[in-house]
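A.B. asks: can't give you the sequence, but here's the structure:
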């Protein structure tokens, strides 16, 4: 499993801790944005109604005018003074293009601006809907249309009249000048990037502050009236507009108010962004603070203590660093480090003293053993000199050679730093030369060749290996050359040690002597000793003849692994 750093762990913990705040901020921002959208819808509708106050007054005034005129007898009956009364009624009201009394059959009985004789509106679509037998009992407005009498674009307002029997008795009509409505709309002081429009019942534009935008974004859709989500449309220049439509006069005239979405919701989106960005900024700043403070407060001191630990690992236990600027906890940890270094240094000092004492004791033991062996050799030599029999002197010389091998091993162990390991290149050549010098009298007739690889053997293996070599060489000197080879041929002896295969050594002693029975005599002391030493080494002995004359004694044995401490050194 991959380990995470302290920084990564702290940053992850902070992110998990602040995620609820981020979620709450996002939820609160979404709820506020939804609430702001509903508020914006009400704001647009209220703005629409507020900006159309004058227009609503004009339309409401038209209804009041018709109701007051309908109460006059001359107007109700369509008498001679009807036209004059109607003309006087609108003479000071320029936003009314005409007013008329219409009979039940659609014939204009009288009007402020008289129509042609026998003028009838019975065929007009709005009149047929108005007088189809179920005429509304309230004031009604028509769609935007062109007045044939007033020669203007108008909206007709009609007030039904009923006789005493509550039967339909025609209507009072007024033509509201669209140009005046447009003037009233244009004269409004509106916020920048906003449009106001009046719509008839078919959602056609009667008047607006910007005809291009109004035509592009306002349709017959009534989404702005009932749906909680504000409708939006694309303006003529590709900009997005949000609008609301509200009834101005019942379901006959509507007012629409539109604003650029960026203008209407810009600050709301900023507000929502604040709710969203603040927790993210908190997470980011917290992570940045952790990244910076973790280095200055923790990581650089941890790295400093790691350098101290590496110095301790290298044996420099006196290493110290200044932790006065570190946090208190790390100062305490550093003090524990330094106390540990002092304790290890003191323990190492005691261990070195103990090892020095042990090494001195072992050297003293080896020295005494060597001296004792020298005494034994001297005694054997002295005893041999007193014997008259050659065979007896040879036996004591053989014993002296064996004791000398032991002395040589101890001498080499005494002179090396690691008393557990012996280098074969230091041990075997010295031993072979000492035996050669002690057992040959004629110089130049016997040549000794030594080819010994440098192998590190434990002292438990080096001793039997040296004794084996003593026995093998002694046999060569005693039995391989009873006489000098014919023709003055020199005597050759070769000692070789190699590692092949790895982990297994081969010692061989080869000569060009007579070979034969003496070397194969299993009953001799030398043969038995060589077999015993080979058994101690867990090896095998092989004695074979050399082509052309001579004998080879071979010892193959495994090399024991050195101790771990020695191998590490």
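C.D. replies: Here it is on my side, so go on. This is a predicted model, so every value here is computed, not measured. Residues are numbered from 1 along each chain as shown.
A.B. asks: now for the helix or strand harbouring residue 392, which elements pack on it?
C.D. replies: Element membership for residue 392, per DSSP states H and E: helix 390-415. Contact here means 3 or more C-beta pairs under 8 Å, 6 or more residues apart in numbering; DSSP states H and E; on that basis helix 390-415 packs against helix 328-386, strand 421-423, helix 424-439, helix 459-475, helix 525-536. Bear in mind the C-beta positions are built from the backbone N, C-alpha and C, glycine included.
A.B. asks: Can you list the strands that the helix or strand just after the fourth one pairs with?
C.D. replies: Read that as helix 459-475. For helix 459-475, the succeeding helix or strand toward the C-terminus, using DSSP H and E, is strand 491-499. Sheet pairing of strand 491-499 (DSSP bridges) gives strand 446-452 (parallel), strand 504-511 (antiparallel).
A.B. asks: List of residues touching the longest one?
C.D. replies: Going back to what we said before, that points to strand 504-511. Outside strand 504-511, the residues that touch it by C-beta atoms under 8 Å, 6 or more residues apart in numbering are 428, 455, 465, 468-469, 472-473, 476, 480-481, 491-500, 546, 550-559.
A.B. asks: hmm, back to that, so how far is the helix holding residue 392 from its chain's centroid?
C.D. replies: When distances are taken as C-alpha atoms, centre = their mean, to the nearest Å, helix 390-415 is centred 75 Å away from the chain's centroid.
A.B. asks: can you pull the contacts of residue 54?
C.D. replies: Counting by C-beta under 8 Å, 6+ apart, residue 54 has contacts 184, 187.
A.B. asks: do you know how far it is from residue 206?
C.D. replies: Distance, residue 54 to residue 206, by C-beta to C-beta, to the nearest Å: 14 Å.
A.B. asks: just residue 318 next, same as before
C.D. replies: As for residue 318, its distance to residue 206 is 99 Å (criterion: C-beta to C-beta).
A.B. asks: Residue 126 contacts residue 141, correct?
C.D. replies: No: the criterion here is C-beta atoms under 8 Å, and residue 126 misses it with residue 141 at 9.4 Å.
A.B. asks: what sits in contact with each of those two?
C.D. replies: Taking C-beta under 8 Å, 6+ apart as the contact rule, residue 126 and residue 141 both touch 156, 158.
A.B. asks: Who has more neighbours out of the two?
C.D. replies: Neighbours per residue, other C-beta atoms under 10 Å: of residue 126 and residue 141, the larger number sits with residue 141, 24 against 16.
A.B. asks: Make sure that one is indeed in a helix.
C.D. replies: No: under DSSP: H, G, I helix; E, B strand; the rest coil, residue 141 sits outside any helix and is assigned strand.
A.B. asks: mind listing what it touches?
C.D. replies: Contacts here follow C-beta under 8 Å, 6+ apart; on that basis residue 141 touches 59, 155-158, 176, 200-201, 249, 252-253.
A.B. asks: Mark which of the residues you listed are part of helices, please.
C.D. replies: The helices, defined by DSSP state H, take in residue 59 from these.
A.B. asks: of all the contacts of residue 141, which comes closest to residue 13?
C.D. replies: Of all the contacts of residue 141, the one sitting nearest residue 13 is residue 253; the distance, using C-beta to C-beta, is 63.5 Å.
A.B. asks: which residues does that closest one bridge with?
C.D. replies: residue 249.
A.B. asks: Verify the stated contact: it with residue 203.
C.D. replies: No: in this structure residue 253 lies outside contact range of residue 203 using C-beta under 8 Å: 10.9 Å.
A.B. asks: higher neighbour count, the two?
C.D. replies: When residue 253 and residue 203 are compared for neighbours, residue 253 comes out ahead with 24 against 15, by other C-beta under 10 Å.
A.B. asks: Residue 189 versus that one, what's the distance?
C.D. replies: Distance, residue 253 to residue 189, by C-beta to C-beta: 22 Å.
A.B. asks: same deal with residue 85?
C.D. replies: 38 Å.
A.B. asks: And those two? Which one has more around it.
C.D. replies: Neighbour count, other C-beta under 10 Å: between residue 85 and residue 189, residue 85 has more, with 18 against 5.
A.B. asks: Surely that one and residue 71 touch.
C.D. replies: No: using C-beta under 8 Å, residue 85 is not in contact with residue 71, being 11.2 Å away.
A.B. asks: give me the low-pLDDT residue ranges for the stretch 201-350 of the chain?
C.D. replies: 219-230, 262-273, 275-276 (pLDDT under 70).
A.B. asks: Give me the angle between the helix holding residue 392 and helix 328-386.
C.D. replies: 160 degrees (axes from the mean of the first three to the mean of the last three C-alpha atoms, to 10 degrees).
A.B. asks: Let me see the mean pLDDT of helix 390-415.
C.D. replies: The average pLDDT within helix 390-415 is 74.
A.B. asks: same thing with stretch 55-75?
C.D. replies: The model assigns stretch 55-75 a mean pLDDT of 87.
A.B. asks: where are the low-confidence patches of the stretch 51-200 of the chain?
C.D. replies: For the stretch 51-200 of the chain, applying pLDDT under 70 flags the ranges 51, 133-137.
A.B. asks: those helices in the stretch 101-250 of the chain, which residues are they?
C.D. replies: With DSSP state H, counting those that start in this stretch as the criterion, the stretch 101-250 of the chain has helices at 125-130, 178-186, 211-217, 223-226.
A.B. asks: which one of the ones you listed lies closest to residue 31?
C.D. replies: Closest to residue 31 of the helices of the stretch 101-250 of the chain, according to C-beta to C-beta: helix 223-226, at 21.9 Å.
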